[in-house]
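Undergrad: Got a sequence here, can you model it:
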Amino acid sequence: MADTHGRTKPVREDKAAAVNEIADRFRAASATVITEYRGLSVSQITELRRALGGDTHYRVAKNTLVKIAATEAGVDGLDALFVGPTAVTFVNGDVVDAAKGLRNFAKDNPALVIKGGVFEGKALTADDVNKLADLESREVLLAKLAGAMKGSMSKAASLFQAPLSKTARLAQALADKQSGSEAA
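TA: Numbering: from 1, shown residues only. This is a model prediction of the structure:
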């Protein structure tokens with residue numbers, strides 16, 4: 001790590017451990033969201049952590065440590081967001097649920113400001129995070145897909161069944177006609 005004069009100074013062991021832990025979280029996360037928490041109390045931050053759930057880790061850390069960790073983890077496009085009191089939300093589960101949780105908490109607690117983040121290697125603006133929050137959750141989308149597939153499959157089955165039943169009726173009519181002509 002370089003100081004203001006460009007000299008490299010050693011990173012203390014506790015800071016190095018924090019950087020390693022944050023870098024590991026960056027690598028493991030499917031998405032990260034950067035927020036400013038200025039004005040939130042400890043109890044509000046604890047409430048936010050509970051609201052986000054077990055698949056999401058909300059971490060308050062020094063900007064310089066987070067910048068170093070992001071660089072070590074190969075995460076780009078976040079440096080401009082590390083200004084002021086910053087916290088990082090590491091999402092390991094459903095990104096949409098985490099974005100909704102942050103947005104809903106920010107509505108009730110305007111001191112929480114969503115700055116942006118990273119999803120699938122691409123930098124996100126605050127608007128992008130809010131757009132993610134507008135999407136339906138993964139479970140809802142999967143249920144809709146399953147319903148659409150079930151409907152399509154039953155339509156396909158009836159389409160395949162129709163020619164067979166039509167052929168069977170035609171064969172029966174032909175057999176009836178032949179037996180009627182033999183009787184005459």
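
Undergrad: Tell me where this structure has strands.
TA: Using DSSP state E, the strands found in the chain span residues 31-36, 56-60, 86-91, 113-119, 122-125.

Undergrad: strand partners of the first one, parallel vs antiparallel please.
TA: In its sheet, strand 31-36 lies beside strand 86-91 (antiparallel), strand 113-119 (antiparallel), with partners assigned from DSSP bridges.

Undergrad: Least confident secondary structure element in this protein?
TA: Ranking every helix and strand in the chain by mean pLDDT, DSSP states H and E puts helix 138-183 at the bottom, with a mean of 68.

Undergrad: hang on, the earlier thing: could I get the strands of the chain as a markdown table with mean pLDDT, mean neighbour count and distance to Leu78?
TA: Any C-beta I mention is one placed from the backbone N, CA and C, and that applies to glycine too. Below are those laid out as a markdown table (pLDDT from 0 to 100; neighbours: other C-beta atoms under 10 Å; distance: least, C-beta to C-beta, whole Å):
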| stretch | mean pLDDT | mean neighbour count | distance to Leu78 |
| --- | --- | --- | --- |
| strand 31-36 | 89 | 25 | 6 |
| strand 56-60 | 88 | 19 | 14 |
| strand 86-91 | 90 | 23 | 9 |
| strand 113-119 | 89 | 22 | 6 |
| strand 122-125 | 84 | 16 | 7 |
